[in-house]
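**Q** 3D model of this:
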Amino acid sequence: MTTTALKKELHKAIDSIDDATFLQAVYTIVNEKKLQFDLSADEWKEIELAQKHHKAGKSKSYNWDEVKNYAKGHSKK
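**A** Alright, predicted model coming up:
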């Protein structure tokens, strides 16, 4: 099924649902996905530059444990 066809089917299905709790859950999922890509052109350029520096070995990388420890040490108490 194409993306366009899938969207049309989702629209039809959502239009026929009258369960506010379910619709709120769907809205939350869709809104979270939308927010992931809601960046300005300048923000995308900054991300691409950081990625380029990372791949060229010009920036430091951190593993997940290092990130968690840093966040714990700098969180507001």
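**Q** low-confidence ranges in this protein?
**A** 34-37, 76-77 (pLDDT under 70).
**Q** Look through it and tell me its longest helix.
**A** With secondary structure taken from DSSP state H, the chain has its longest helix at helix 20-36.
**Q** Outside of that helix itself, which residues are in contact with it?
**A** Helix 20-36 has contacts (CB atoms under 8 Å, 6 or more residues apart in numbering) with 14, 17. C-betas here are computed from N, CA, C, even on glycine.
**Q** so after that helix, what's the next helix or strand?
**A** Per DSSP states H and E, helix 20-36 leads on to helix 41-55 as the next helix or strand towards the C-terminus.
**Q** And the next helix or strand past that next one?
**A** helix 64-73.
**Q** ok, the residue lying closest to E9 once chain neighbours are set aside - how many residues close by?
**A** Excluding its sequence neighbours, the residue lying closest to E9 (CB to CB, 6 or more residues apart in numbering) is M1, at 7.5 Å. M1 has 8 neighbouring residues, counting by other CB atoms under 10 Å.
**Q** that older thread, report the distance from the longest helix of the chain to the chain centre.
**A** 12 Å (CA atoms, centre = their mean, to the nearest Å).
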